[in-house]
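S.K.: here is my input; please provide its structure:
(one chain, ligands or ions: 1)
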Amino acid sequence: MKVTFEKLEILKEKPDEKNLGFGKYFTDYMFVMDYTEDKGWHNKKIIPFGPISLNPATMVLHYAQETFEGLKAYRTEDGRILLFRPEMNARRMIKSNERLCMAAVPEELFVDAVKRIVACEKDWVPHLEGTSLYIRPFMFATEVAVGVHPAKSYKFVVILSPVGNYYPEGVNPVKIYVEDEYVRATKGGTGFTKCGGNYAASIIAQEKAQKLGYTQVLWLDGVERKYVEEVGTMNAMFIVDNEIYTAPIDGTVLPGITRDSCIELLKSWGYKVHEEHFTIDFLMEAAREGRLQEAFGTGTAAVISPIGELFYKGEKQVINNFKTGSVTQKLYDTLTGIQYGKLEDKYGWTVEVV
Ligand code: COI
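M.R.: Residues are numbered from 1 along each chain as shown. Alright, predicted model coming up:
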């Protein structure tokens with residue numbers, strides 16, 4: 001792929017790796033390319049990270065044809081840079097774009113663009129344990145028009161941000177508010193896509209939860225507010241009577257790449273994994289009876305995040321004495337072990353950036 005490069009004379013100073021937080025700092029460059037119906041994807045460039053100027057009538061600003069992805073680049077002890085299953089992000093974005101009637105970025109082009117910009121910004125992949133370079137590919141409608149129709153032109157961008165933990169709690173358990181008023185997704189909607197609109201609609205519940213002292217919300221199904229779906233920024237898994245329960249991928253839940261990897265690992269360790277609908281009442285009852293042994297979220301940003309407390313309709317249930325459970329810890333250690341090249345990658349999940 002031919003990519004033009006606009007070189008900067010002065011590069012930014014790198015932030016202190018001990019205080020990266022999440023998504024606060026951005027690297028020197030970004031990858032951009034444009035799509036039009038006649039030319040397809042063209043104008044592939046690595047340019048200085050900076051503002052994108054838009055006409056006020058640009059369609060994304062009105063009808064929100066926007067999708068994004070999230071993946072990370074990890075630095076190994078011997079200085080190699082690894083990506084984790086980037087082709088899965090490419091495939092998910094194709095599915096998101098289909099649902100939003102947006103042009104697709106072919107898998108190979110997506111992965112190539114990610115590799116190119118990460119290779120260019122290798123020095124920005126942090127070194128400290130638990131840190132990584134968060135990769136945010138996104139795409140939006142650029143056609144200038146105010147009528148509602150699928151846009152005829154798009155921009156695809158990849159920006160990079162050196163990050164630490166997503167949650168202020170770090171890798172310690174988070175408190176989760178079970179949301180029974182607002183809904184995130186219903187079948188036939190966009191719940192399975194990674195589009196900005198899904199997150200816009202979810203912020204009100206996150207705000208409500210945070211005011212009550214909870215980190216995130218656990219969403220219930222949009223029809224009966226009864227079945228457990230996912231947490232705002234991660235898929236959710238629960239261990240009841242030594243078996244794993246997680247919502248199925250059937251239209252309303254994000255098909256998480258960390259979720260998929262955890263299911264594969266858990267099955268290889270002999271766990272029965274139920275990818276099926278289960279109710280919040282089932283979970284709360286299991287918690288009351290001491291059978292809800294562990295709960296955790298899985299996501300690129302959140303990694304494996306233990307859930308220490310559930311709050312539902314006035315009832316508080318603490319899980320595993322608000323401690324990280326042994327299965328949660330083993331998943332965290334195995335997954336990050338593979339991602340940082342410390343453990344053998346039996347599944348062929350990592351891709352080196354050279
Ligand atoms: C991710 O885990 O990569 C996400 O996109 C979740 C969140 C930061 C929106």
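S.K.: CA only for contacts and neighbour counts going forward, please
M.R.: Fine.
S.K.: burial check on the residue in the stretch 51-200 of the chain that the ligand sits nearest to, number of neighbours?
M.R.: Residue nearest to the ligand within the stretch 51-200 of the chain: G70 (3.6 Å; C-alpha to the nearest ligand atom). For G70, the tally of surrounding residues (other C-alpha atoms under 10 Å) stands at 18.
S.K.: check G314 too.
M.R.: 7.
S.K.: residue numbers of the chain in contact with the ligand?
M.R.: Contact residues (C-alpha under 6 Å from any ligand atom) of the chain with the ligand: G70, L71, T233, G299, T300, A301, A302.
S.K.: residues contacting the residue nearest to the residue of the stretch 51-200 of the chain closest to the ligand when sequence neighbours are not counted?
M.R.: Nearest non-adjacent residue to G70, counting by C-alpha to C-alpha, 6 or more residues apart in numbering: R136, 5.0 Å away. Taking C-alpha atoms under 8 Å, 6 or more residues apart in numbering, we find R136 in contact with F68, E69, G70, L71, V158, I159, L160.
S.K.: what bridges to R136?
M.R.: I159 (DSSP bridges).
S.K.: so, low pLDDT: which residues of the stretch 51-200 of the chain?
M.R.: By pLDDT under 70, the stretch 51-200 of the chain has no low-scoring segment.
S.K.: before we move on, which element is A287 in?
M.R.: Assigned by DSSP states H and E, A287 belongs to helix 280-288.
S.K.: burial check on the residue in the stretch 101-250 of the chain positioned nearest to the ligand, number of neighbours?
M.R.: At 4.6 Å from the ligand, T233 is the closest residue in the stretch 101-250 of the chain, using C-alpha to the nearest ligand atom. T233 is flanked by 19 other residues according to other C-alpha under 10 Å.
S.K.: and it, what is it in contact with?
M.R.: Contacts of T233 (C-alpha under 8 Å, 6+ apart): Q216, G299, A301, A302.
S.K.: try H277
M.R.: Y227, V228, T246, A247, P248.
S.K.: stretch 67-80: which residues count as buried?
M.R.: Buried positions in stretch 67-80, judged by neighbour count with 16 or more other C-alpha atoms under 10 Å: T67, F68, E69, G70, L71, K72, A73, Y74, R75, T76.
S.K.: scratch that, stretch 249-265
M.R.: Buried, per 16+ other C-alpha under 10 Å, within stretch 249-265: 249, 251-259, 261-263, 265.
S.K.: which of the residues you listed sits closest to T58?
M.R.: L254 (27.6 Å; C-alpha to C-alpha).
S.K.: leaving out sequence neighbours, find the closest residue to L11.
M.R.: D28 (6.4 Å).
S.K.: what separation do you get for that neighbour and P168?
M.R.: 26 Å (C-alpha to C-alpha, to the nearest Å).
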